[in-house]
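Enquirer: My questions are about this predicted structure, shown below with the sequence.
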Amino acid sequence: MTLTLTYSNPSLKGTIQVPGDKSISHRAIMFGSVAKGTTTVEGFLLGDDCLSTISCFRKLGVEINLDGDKVTIVSGGEAQWQEPSEVLDTGNSGTTTRLMLGLLAGTGFHSVMAGDASIAKRPMKRIINPLRLMGADIRGRQDGQFTPLAVQGTRLQAIDYTLPVASAQVKSAILLAALKAEGTTVIKEPVPTRDHTEIMLEHFGASIKRHDGTIELQGGQQLAAAHVSVPGDISSAAFMIGAALITKGSEVKLANVGCNPTRTGILDVVKAMGADVGIDLREETGEMPADLVIRSSSLTATEIGGSLIPRLIDEIPLIALVATQAKGQTVIKDAEELRVKETDRIAAVVAELSKMGADITATEDGMIINGPTPLRGADMMTYGDHRLGMMAAVAALIADGPVTIDDPDCISVSFPNFVEEMNSLI
Ligand SMILES: O=C(O)C1=C[C@@H](OP(=O)(O)O)[C@@H](O)[C@H](O)C1
Ligand SMILES: C=C(OP(=O)(O)O)C(=O)O
């Protein structure tokens, strides 16, 4: 079913509690399933991707109970997981598919993983290559490049590995496999990526060494069940930040948003563009939850590239939209990873914002946007990508004419009720 949004110059005012962080919610289920005992989670994201992770671990025999955004995981530990008799369905979730590979590689059983049509196109060799160096037995289409993937669990050896792509999913899959491997795994990360796995390893009692872009983890460590408090997702907050910035007379408070510095590229970028952003940290360590206050601002263009990219990779569709309202030329480069997300986000963002009248051009590794440009109503496609769906909904706030979104349901992958929450601020 399509959704048509029509607004006339709205101002956004009020407070939003954005849903739990998707990356941390996935990891809480995974770590709680590996650890022996009862893990409790609060603030869990009830988005489709994280529900896929729960369903996969239930198929391994882990008891997982949901009560609103609270989750209880009762596990006998990884050694008690059972061989799944069904395919593990990872839905639309790259994080579930890739991190679970690292966990399944070191079990004593066989398993098969598959997801939706988008997952079937996403590259898996980046995970399988290092896992094979550890001794993993994983097969898939095109020598393991694509799902469905069959994993025959086996004994693993530690590796010393330099990440060829700046990817937290690759790093995390290796770290999860390293827990079961013989020896000490060393990962070198040329560009820092989100470090939720490292933080959670320590939180569940593992000892991990981190220095100058190198991570060391000794195999054979047992995790202890823990309590995880999931902060709001800054990648979801980004759409509310963008909405407040580009509408006139807005002031929006976003409560308890995770501001781990490996994720706050969006704040750095909008501040560089002249945004009025207040950041009030609740905690100064770990995932660093903070309250944010965003006010409408007049924006100027900026350049985005290099080590900033992994710190805002999922926010680029929103940043492109915001840049259409900024004075001057915004250049986004070094973001070729966008081509292998839920869809080719460079092609999709450029095609969809162009329909609305934006001055935006695709480059091989990013895009160039000239602004400010008034946007007009259009029929927008999501390509089944939640971030494209939210970009279209935020664009509708300032469009001259109705915006129709072809598949609004895909937004529930990361932000169920996004449109309702945004409308509640008007
Ligand atoms: O580790 C994670 O939770 C994620 C890492 C990023 O992917 P890559 O590791 O492919 O960059 C990000 O785009 C994804 O939404 C979540
Ligand atoms: C790329 C994303 O997620 P995943 O890789 O888990 O599908 C995303 O949420 O934007």
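Expert: That came through, no problem. Residues are numbered from 1 along each chain as shown. Ligands and ions are numbered 1, 2, ... in the order given.
Enquirer: which residues does the residue in the chain positioned nearest to ligand 2 contact?
Expert: With C-beta to the nearest ligand atom, the shortest gap between the chain and ligand 2 falls at residue 94, namely 2.7 Å. For the C-beta atoms, the positions are set from N, CA and C on the backbone; glycine is no exception. By C-beta atoms under 8 Å, 6 or more residues apart in numbering, the contact list for residue 94 reads 119, 122, 169, 341-342.
Enquirer: near ligand 1, which residues of the protein show up?
Expert: 23, 95, 167-169, 172, 194, 313-314, 337 (C-beta under 6 Å from any ligand atom).
Enquirer: tell me the contacts of the nearest residue to residue 287 once chain neighbours are set aside?
Expert: Nearest residue to residue 287, sequence neighbours excluded (C-beta to C-beta, 6 or more residues apart in numbering): residue 258, at 4.6 Å. Counting by C-beta under 8 Å, 6+ apart, residue 258 touches 21, 24, 230-234, 287-289.
Enquirer: could you redo the last one with a cut-off of 6 Å?
Expert: Neighbouring residues of residue 258 by C-beta atoms under 6 Å, 6 or more residues apart in numbering: 21, 231, 234, 287, 289.
Enquirer: Over to residue 331?
Expert: Here residue 331 is in contact with 303, 368 (C-beta under 6 Å, 6+ apart).
Enquirer: how about it, secondary structure?
Expert: Following DSSP: H, G, I helix; E, B strand; the rest coil, residue 331 is assigned to strand.
Enquirer: And the helix or strand where residue 14 lies, what does it pack against?
Expert: Element membership for residue 14, per DSSP states H and E: strand 13-16. Judged by 3 or more C-beta pairs under 6 Å, 6 or more residues apart in numbering; DSSP states H and E, strand 13-16 is in contact with strand 251-258.
Enquirer: immediately after the strand it packs on, which helix or strand?
Expert: helix 265-272.
Enquirer: Buried residues of the helix or strand just after that following helix, list them for me.
Expert: Using DSSP H and E, the next helix or strand after helix 265-272 towards the C-terminus is strand 276-281. For strand 276-281, the neighbour count (16 or more other C-beta atoms under 10 Å) marks residue 277 as buried.
Enquirer: Other residues contacting strand 276-281?
Expert: Contacts to strand 276-281, defined as C-beta under 6 Å, 6+ apart, come from residues 271, 290-295, 297.
Enquirer: What strands line up against it, and which way round?
Expert: Strand pairing for strand 276-281, using DSSP bridges, gives strand 289-295 (antiparallel).
Enquirer: of the contacts of residue 258, closest to ligand 1?
Expert: Within those, distances to ligand 1 taken as C-beta to the nearest ligand atom reach their minimum at residue 21, with 8.8 Å.
Enquirer: Find me whatever residue is spatially closest to the closest one, sequence neighbours aside.
Expert: Residue 21's closest residue in space is residue 233 (C-beta to C-beta, 6+ apart), at 4.1 Å.
Enquirer: how far away is that neighbour from residue 145?
Expert: Using C-beta to C-beta, to the nearest Å, we find residue 233 at a distance of 29 Å from residue 145.
Enquirer: Is there a neighbour count for residue 129? I'd like the number.
Expert: 14 (other C-beta atoms under 10 Å).
Enquirer: Wait, a helix at it?
Expert: Yes. With three-state DSSP as the criterion, residue 129 is assigned to a helix.
Enquirer: Show the model's pLDDT score for it.
Expert: With respect to pLDDT, residue 129 has a value of 98.
Enquirer: again, but for residue 67
Expert: Reported pLDDT at residue 67 in the predicted model: 98.
Enquirer: gap between it and ligand 1?
Expert: To ligand 1, residue 67 is 24 Å away according to C-beta to the nearest ligand atom, to the nearest Å.
Enquirer: That residue: how many residues sit nearby?
Expert: Other residues near residue 67 come to 8 when the count uses other C-beta under 10 Å.
Enquirer: Also the one 3 residues further on?
Expert: Using other C-beta under 10 Å as the criterion, residue 70 is surrounded by 12 other residues.
Enquirer: can you check residue 152 too?
Expert: Neighbour tally, residue 152, other C-beta under 10 Å: 15.
Enquirer: Hmm, residue 109 and it touching each other?
Expert: No. When contacts are counted by C-beta atoms under 6 Å, residue 152 is not listed as touching residue 109 (8.1 Å).
Enquirer: And the contacts of the helix or strand hosting residue 41?
Expert: In this assignment (DSSP H and E), residue 41 forms part of strand 36-42. With contacts defined as C-beta under 6 Å, 6+ apart, strand 36-42 is touched by 28, 32, 70-74, 77, 225-229.
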